[in-house]
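Enquirer: just the structure for this:
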Amino acid sequence: MPESLDIDRLERAVKSVYRDVAEEPAEEYHFEMGRPLAERLGYPDRDLDTIPEEALESFAGVGYHFDFAGLDEGDDVLDLGSGSGTDVFVAAVHVGESGSVTGVDMTDEQLVKARHLRDEGEMDNVSFERGYIEDLPFEDGTFDVVLSNGVINLSPDKQQVFTEANRVLTAGGRIAISDIISEEPMPESIKNNEDLWAACIGGAEQVDRYTRLIEAAGFEVRDVRDNQQYEFVSAQAANACQQYGVKSISLGART
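Expert: Below is the predicted model:
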């Protein structure tokens, strides 16, 4: 984390962007959104056809990782940074009524939208909680699987995120995530740019350091895959990607 990074300003910037993502999904952002993106990343139509269209409008994920998650009927699942709920609703299809899926997010407007869609769909095995992914409001060993899509790069303390993920997992639990990383170190001018941080670029860790943080939290990394079909859409973001090798990966690990 850059020493000069203003954490409070960063949080306000991230909340502002993702408030707009929830309420104004048709606006222009640094990143693509919606069902066409989900389809290109690899989400099966049979899953996307099952979940609320309004959730998909605000889908801003960066990869597909449900194959690494290996969800089974009856699993209890946590989604870090659940947004408007796309991955939570997809997971709920896979774990069935005997399982449960909980989304945690710090942006009120995302929670309002996700809870409304949950209630409209009468999904009793789904809940959305307000909280920070660095300080999860759950007991130790609560979940079988932790998911996250394009969110952990937004945290200024990624080590704490992975430590918390490990804490709330049962023994032998899995983590399956997609996220933005970089191949080259980025200058402070990008890391301190709150607009690029909120766009998932400024907070991107180098891939080797990213996997070391996961392993330091007690996970065994088993799978890492580039998501070459993901790309940023604004010229500023695309330029940073080209210059520093910023890209999307999906990753699976176990405790």
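Enquirer: which residue packs closest to Y244, ignoring adjacent ones?
Expert: Leaving aside its sequence neighbours, Y244 sits nearest to E184 (C-beta to C-beta, 6 or more residues apart in numbering; 4.5 Å). C-betas here are computed from N, CA, C, even on glycine.
Enquirer: now that neighbour: phi and psi?
Expert: phi -120, psi 150 (degrees, to the nearest 10).
Enquirer: now it: how far from E97?
Expert: As judged by C-beta to C-beta, to the nearest Å, E184 and E97 stand 47 Å apart.
Enquirer: now do the contacts for the residue nearest to Y244.
Expert: 206, 243-245 (C-beta atoms under 8 Å, 6 or more residues apart in numbering).
Enquirer: what would those look like in TSV with neighbour count, pLDDT and distance to A171?
Expert: Converted to TSV, the contacts of E184 look like this (neighbours: other C-beta atoms under 10 Å; pLDDT from 0 to 100; distance: C-beta to C-beta, whole Å):
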residue	neighbour count	pLDDT	distance to A171
Q206	16	88	30
Q243	13	85	43
Y244	18	87	38
G245	15	88	36
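Enquirer: got a markdown table for these, with secondary structure too?
Expert: Formatted as a markdown table, these follow (DSSP: H, G, I helix; E, B strand; the rest coil):
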| residue | secondary structure |
| --- | --- |
| Q206 | strand |
| Q243 | helix |
| Y244 | helix |
| G245 | coil |
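Enquirer: okay if I get these as TSV plus distance to G61?
Expert: Putting the contacts of E184 into TSV (distance: C-beta to C-beta, whole Å) gives the following:
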residue	distance to G61
Q206	21
Q243	24
Y244	21
G245	20
